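Undergrad: Give me the fold of what follows.
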Amino acid sequence: MAKLTDTQLIVLSKAAQREDGAATCPKTLGKAPAAKVAASLIKRKLMREVRAKDAMPVWRTDDDKRCYSLVILRAGRDAIGVEDSEAERGPRIDASDAKTRRSSSKGGSRAAAAATSAALSSQSAGPRAGSKQAEVIAMLLRSGGTTIDELVKATQWLPHTTRAVLSGLRKRGYQLDRQRQDGVTRYRITGSPEAARAA
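TA: This is a model prediction of the structure:
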């Protein structure tokens, strides 16, 4: 699976925080870019478009004035490293359950392992130069590491989005060390992928 962009990470993270799993469109995102982000997340089976219910944020409205929401799937939660917990009570839409059951009865475990391996190898490529992810990695590579607050200030992300990005880095093979000093938790990359691109 290709890497997620900063915008995709934010959309997924905000959706994961809601009980209904519905994404809110960032205010800075125009109509055309929002449609592109949604199409990409839907194509990758990380989110699904559904008819909006009363309390759900509307992602788009069609020509007939019907409102649609963008809802995170289990694969979307996995992609940002958000664990399901008992506290999450909302119904979760998962388009992959039926496929998983079918493939497991046909020896799908080998295919799943191959897909996981391919995803990890494709994600081990470094982030785009100048991106917020590249900035996060640079801050994590500092000898003293960095804090969540410092990352939030540098990226303008919300704390839960920042934590989701750190989880995503772990999933891509980065070794993150977490140390508490003087009441402050600091995070630092201590190894791979490819020694954080040779620092």
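Undergrad: neighbouring contacts of the helix or strand hosting Ala15?
TA: Using DSSP states H and E, Ala15 falls within helix 6-17. Helix 6-17 is contacted from outside by 4, 21-26, 29, 33, 37, 40-41, 46-47, 70-72, 76-77, 79-80, 82, 131-133, 155, 157-158, 160-161, 164-165, 168, using CB atoms under 8 Å, 6 or more residues apart in numbering. C-betas here are computed from N, CA, C, even on glycine.
Undergrad: Just the buried residues out of these, in ChimeraX syntax.
TA: Paste this into ChimeraX to select the buried members of the contacts of helix 6-17, with burial taken from 16 or more other CB atoms under 10 Å:
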select :4,21,22,23,24,25,37,40,41,46,47,70,71,72,76,77,79,80,82,132,133,155,157,161,164,165,168
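Undergrad: so of the contacts of helix 6-17, which ones are in strands?
TA: Met47, Leu70, Val71, Ile72 (DSSP state E).
Undergrad: In TSV, list those along with pLDDT and distance to Arg142.
TA: Formatted as TSV, those follow (pLDDT from 0 to 100; distance: CB to CB, whole Å):
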residue	pLDDT	distance to Arg142
Met47	93	34
Leu70	94	36
Val71	93	38
Ile72	92	32
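Undergrad: and the two most separated of those?
TA: Across the ones in strands among the contacts of helix 6-17, no pair lies farther apart than Leu70 and Ile72, at 7.9 Å, counting by CB to CB.
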